[in-house]
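Novice: for reference, the sequence and a predicted model appear below.
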Amino acid sequence: MSSKTLLVIATGNAGKIRDFAGILGNERFEYKTLKDIGFEGDIEENADTFAGNAKIKAKAVADFLHEKKISAWVLADDSGLEVFALGGAPGVYSARYSGVHGNDLSNNELLLKNLENIEDRSARYYCALALLHSDFPEKEVQIFEGECRGRIGYEPVGTLGFGYDPLFIPDGFSTTFAQMEISEKKNLSHRGNAIRKLSI
């Protein structure tokens, strides 16, 4: 019997587990994804803020675990890129900016097109984490926020990241997120900054 606290990350992306475990460590927590707990439902993320979408996900998963009498912390995140000259776009639509969910190539192409002839390329990656325990799914969801400021480059560079990483150059650096190893990126990233604020 494991003495670790079960922490369900509300994602099907096993790569995100590495992000959380890399900062929170493996001593206290046993990490599981939605696939690991058998959650197959579609969660409609229809809020107009990252925090709102993260809350929706955390609540849906906590309710699912509560019904199955599984005691666990649920951690959901919603994150994306905000370009200030574009009024905060792509924002909550970051993953489906070009109309097709998760198509990084077309999303990046559209962003570069929309930034043509715009000098101000300042931007930020933003993350909202929502935390809720399945034993008390009716409680208020806790929100932890993190950001990383930077600017958008003029062409994709690097192969290590995903999303807009090949275009995003964090402040104080000349390299994109997609050129950075995970160990370097986690010290700067919006998700890393939010995770470090967590209190479980």
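Specialist: Received the coordinates, thanks. Small disclaimer: the values here were computed from a predicted structure and weren't measured.
Novice: which residue lies nearest the spatial centre of the chain?
Specialist: Nearest residue to the geometric centre of the chain (Cα atoms, centre = their mean): residue 79, 4.0 Å.
Novice: my read: that residue touches residue 126, true?
Specialist: Yes: if you go by Cβ atoms under 8 Å, residue 79 and residue 126 touch, sitting 6.2 Å apart. Yep, even glycine has a C-beta here, placed from its N, CA and C like the rest.
Novice: give me the common contacts of the two.
Specialist: Here residue 79 and residue 126 share the contacting residues 50, 190, scored by Cβ atoms under 8 Å, 6 or more residues apart in numbering.
Novice: still on that earlier bit, what kind of secondary structure is the residue nearest to the centre of the chain in?
Specialist: Here residue 79 is strand, with the state taken from DSSP: H, G, I helix; E, B strand; the rest coil.
Novice: can you tell me the closest non-neighbouring residue to it?
Specialist: Counting by Cβ to Cβ, 6 or more residues apart in numbering, residue 79 lies nearest to residue 127, which is 3.8 Å off, once chain neighbours are set aside.
Novice: after the helix or strand hosting the one you found comes which helix or strand?
Specialist: Assessed by DSSP states H and E, residue 127 sits inside strand 122-133. Following strand 122-133 in sequence order, the next helix or strand is strand 142-152 (DSSP H and E).
Novice: distance between that following strand and the chain's centre?
Specialist: Chain-centre distance of strand 142-152: 10 Å, with Cα atoms, centre = their mean, to the nearest Å.
Novice: helices or strands up against the helix or strand following it?
Specialist: Remark: after strand 142-152, the chain's next helix or strand is strand 168-170, criterion DSSP H and E. Strand 168-170 sits against strand 142-152, with contacts defined as 3 or more Cβ pairs under 8 Å, 6 or more residues apart in numbering; DSSP states H and E.
Novice: next, the angle from the strand it packs on to strand 122-133.
Specialist: The directions of strand 142-152 and strand 122-133 differ by 160 degrees, with axes from the mean of the first three to the mean of the last three Cα atoms, to 10 degrees as the criterion.
Novice: strand 142-152 pairs with which strands, and in what direction?
Specialist: strand 122-133 (antiparallel), strand 168-170 (antiparallel) (DSSP bridges).
Novice: what residues does the shortest one touch?
Specialist: What it means is strand 168-170. The contact list for strand 168-170 (Cβ under 8 Å, 6+ apart) reads 81, 123, 125, 148-153, 175-178, 188.
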